[in-house]
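A.B. asks: Below: sequence and its predicted model.
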Amino acid sequence: MTHLIRTTALVATMATAAGASTMVQDIDVDADASALKNSGAVAVWSELETDLETALAAQLVHQLAEEGQTAEDAAEIDIEIDTVALASSLQAEMGIADSVLEGDVSVDLPGSQYDQRYTLTVSAEQANVYYPEGTDVTTLNVGSEVFYTAMVDAFATHVAEKLK
């Protein structure tokens, strides 16, 4: 009977923790756009680090830790964009069909046993839902602001969903 009570209490505690949103203290993105050779893409993708951090913070706005909250209480997100994948796909002279945004995501959560490490690849096809209504995808290229914003938003959304 005591074992059943302890198990029930543990399950209830885990359910409460799972239902609570993980607070985020720090978001850091590292990408080197200098690997890109396509001058049109470089012009648009040069602010990827800042734009991805901003997009992710916007997705997690209700989960951002307050200043002064300790690292033990909140998660830290580090993203390393694979500039080789970014460069090879964005250097293609064709449209956007083969383009990907790929990065290694590291989320250090309170309690090290819950940390997340994974590689996230977002394709141009997955970013379709982030285009403004009425966008003619046949006119998009890797240097397009619409394409860039959709790729960044798709990447940020996938990371944020794993923390909600």
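C.D. replies: Sure thing, it's come through. In this text, all values refer to a predicted model and were calculated from it rather than measured experimentally.

A.B. asks: For stretch 106-117, which residues meet the burial criterion?
C.D. replies: 107, 108, 109, 110 (16 or more other C-beta atoms under 10 Å). (C-beta placed from N, C-alpha, C; glycine too.)

A.B. asks: Stretch 155-164 too?
C.D. replies: 155, 156, 157, 158, 159, 160, 163.

A.B. asks: returning to what we had before: dump the buried residues of stretch 106-117 to CSV, plus distance to residue 101, secondary structure and pLDDT.
C.D. replies: Shown next, in CSV, are those (distance: C-beta to C-beta, whole Å; DSSP: H, G, I helix; E, B strand; the rest coil; pLDDT from 0 to 100):
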residue, distance to residue 101, secondary structure, pLDDT
107, 18, strand, 92
108, 22, strand, 90
109, 24, coil, 85
110, 28, coil, 79
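
A.B. asks: Could you list which of the buried residues of stretch 155-164 belong to helices?
C.D. replies: Those of the buried residues of stretch 155-164 mapping onto helices are 155, 156, 157, 158, 159, 160, per DSSP state H.

A.B. asks: And the fourth one, how far from residue 134?
C.D. replies: Applying C-beta to C-beta, to the nearest Å, one obtains 25 Å for the distance of residue 158 from residue 134.

A.B. asks: Please name the residues that touch residue 137.
C.D. replies: 96, 128, 131 (C-beta atoms under 8 Å, 6 or more residues apart in numbering).

A.B. asks: Can you tell me which of these has the most neighbours?
C.D. replies: residue 96 (24 neighbours; other C-beta atoms under 10 Å).

A.B. asks: which residue sits closest to that one in space, ignoring its chain neighbours?
C.D. replies: residue 124 (4.3 Å; C-beta to C-beta, 6 or more residues apart in numbering).
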